[in-house]
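K.L.:
A structural model of the following input is requested.
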Amino acid sequence: MIDSAHLSQFFVASILIIMVPGPSVLFTLARGVAWGRGTAVLTALGNSVGTLLLSLVVAFGLGPLLSHSKSFSVVLQIAGGLYLLYLGSDALRHRHEHAHAMTQREAVRPNFGRTVRQGFVVGVLNPKSLVFFAAVFPHFVNRAEGRITAQLVIFGVIFSVMAFCSDGTWGLIAGTAREWLSGSPTRLVVLRSIGGGVMCALGVLIVVSALAT
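P.N.:
Down below sits the predicted model:
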């Protein structure tokens, strides 16, 4: 259904968007810095479930539309690319405030259910994921094979598993190096700056690719 060329390109794009310090990664890092590795991994788990739900909503909502309109797909990609540019520039503008917020912790350590639930809320409301699903997924769909909704669902499952592995790793690192990270907001600012730059670059690539279609 999905050829190897489209799948390999999707993996590369997914790795780029998952690994940059966006809302989900930053929240997982904050949990790790505040409460350690266990809380961070549970946060990543809740986040990936929220991400999967969001991807399924997008797949079943956009699948029929993308099946009948290539123009709609192009417009969607351009809009998504522009929004990624906005998210990236916003991350760069507010990188110092975000770094400060990450060093704060709740008065009481969150329990298992609360931790997973908080991660889920961040995942399902993450604008970066929404934009990626709506604007980037269609770019890797094999239209000649049909069953576009099914292809989008497969992409969503793959992306969510990759997101859990990546965010969980970030959380383990943050939980292990919590004193090192919280001791210098500058290090968190650098992470946020890298994430903003990558989002801007990906936004430009998406817009250029859509216009060249």
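
K.L.:
quick one, what contacts Met162?
P.N.:
With contact taken as Cβ atoms under 8 Å, 6 or more residues apart in numbering, Met162 is in contact with 11, 14-15, 18. No exception for glycine: its C-beta is placed from N, CA and C like everyone else's.

K.L.:
same deal with His94?
P.N.:
Taking Cβ under 8 Å, 6+ apart as the contact definition, His94 lies against nothing.

K.L.:
Helix or strand: which one has Val207?
P.N.:
Following DSSP states H and E, the helix or strand that holds Val207 is helix 185-212.

K.L.:
average pLDDT across that helix?
P.N.:
Per-residue pLDDT values over helix 185-212 give a mean of 72.

K.L.:
again with stretch 39-57
P.N.:
Stretch 39-57 carries an average pLDDT of 88.

K.L.:
Please shift the residue numbers so they start at 47 in all later answers.
P.N.:
Understood, numbering begins at 47; the last thing we discussed is stretch 85-103.

K.L.:
where do the strands sit along this protein?
P.N.:
Read by DSSP state E, the chain holds no strands at all.

K.L.:
quick one: buried residues of the longest helix along it?
P.N.:
Ranked by residue count, the top helix of the chain under DSSP state H comes out as helix 83-114. With burial defined by 16 or more other Cβ atoms under 10 Å, the residues of helix 83-114 counted as buried are 83, 85-98, 100-102, 104-105, 108-109, 112-113.
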